[in-house]
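[1] Could you work out the structure for the sequence below:
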Amino acid sequence: MTEFNVDVTTPDGEMDCFVAHPDGDGLWPAVIVYMDVPGIREELRNFARRIAEQGYFAILPDLYYRDGKVRFDLSKGEEELQRMFKIGGELSVARVMRDTRGMLDYFASNDNVTGKVGCIGYCMSGQFVIAAAGDYPDDFGAVASLYGTRIVWGEEDSPHMKARAAKGEIYLGFAEQDHFVPDSDLEAIKEVFDEAGVNYSMEVHPGTDHGFCFPERGPMYVHDAAEKVWDIFFDMCARNLK
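    Reported below is the predicted structural model:
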């Protein structure tokens, strides 16, 4: 496997991205891994590597680049936790859509990338992948949102409203117990997507809580549910990207 870091130009500056892809000079569909609120760490790089092993050009952008090289040490306690939520809360959908535009332009200029783009997002970034599906419908063929927060705002520019324009396939996986995502969000998504004819599936994973996809979350990690999500995502990518 080949891996490296690259600066991707966005309307707001240079965004550091970790890239992993199979060895050689192939042509691979791109898959973006949008980070959750704790930000860039080895766990997410391993996610990108796993995607690359399936034959994709995986890219993990550092969406906090506007604030420098932001890393959190949550073992420091409440003050560090509050810093994380403050910085994460400032990362708007509009900003991330500009970052997404930069990545799409990078793919278009890269001789190793071909075809439709896939993406996967967790928690904070669950809203970003849904918005990207609607803002860039001709680019995204496979989109997975896992226990995504703030997908529903109520306004016209809410991510779930944007996604009415989506042309790709969307998967939304939620936790059974999740105080970050109200049941009303799922109902609103279903109502809007059904009316718009969006190609989507939605699932609530039994016996799970928010964060169940991350192996380093200790008791919150649910192996069977996390592996099921990977299977669904890779099947979706194979159908729509390759």
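
[2] pull the helix or strand with minimum mean pLDDT from the chain.
    Averaged element by element with mean pLDDT, DSSP states H and E, the chain has its least confident helix or strand at helix 78-89 (a mean of 73).

[3] Figure out how far that helix is from the centre of its chain.
    A distance of 20 Å separates the centroid of the chain from that of helix 78-89, by Cα atoms, centre = their mean, to the nearest Å.

[4] Next SSE downstream of that helix?
    Read in the C-terminal direction, the helix or strand following helix 78-89 is helix 93-108, with elements assigned using DSSP states H and E.

[5] Now the helix or strand that that following helix is followed by - C-alpha only, PDB.
    Taking DSSP H and E as the definition, the helix or strand that follows helix 93-108 towards the C-terminus is strand 117-122. Presented in PDB, the C-alpha positions along strand 117-122 are these (Å, rounded to 0.1, in the frame of the first residue of the first chain):
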ATOM      1  CA  VAL A 117     -16.600   9.500  -5.400                       C
ATOM      2  CA  GLY A 118     -17.600   7.800  -2.200                       C
ATOM      3  CA  CYS A 119     -17.600   9.200   1.300                       C
ATOM      4  CA  ILE A 120     -18.200   8.200   4.900                       C
ATOM      5  CA  GLY A 121     -18.700  10.300   7.900                       C
ATOM      6  CA  TYR A 122     -19.300   9.800  11.600                       C
END
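
[6] so what secondary structure elements neighbour the longest helix along the chain?
    Counting by DSSP state H, the longest helix found in the chain is helix 223-240. Where contact means 3 or more Cβ pairs under 8 Å, 6 or more residues apart in numbering; DSSP states H and E, helix 223-240 is packed against strand 117-122, strand 140-146, strand 169-177, strand 200-209. Bear in mind the C-beta positions are built from the backbone N, C-alpha and C, glycine included.
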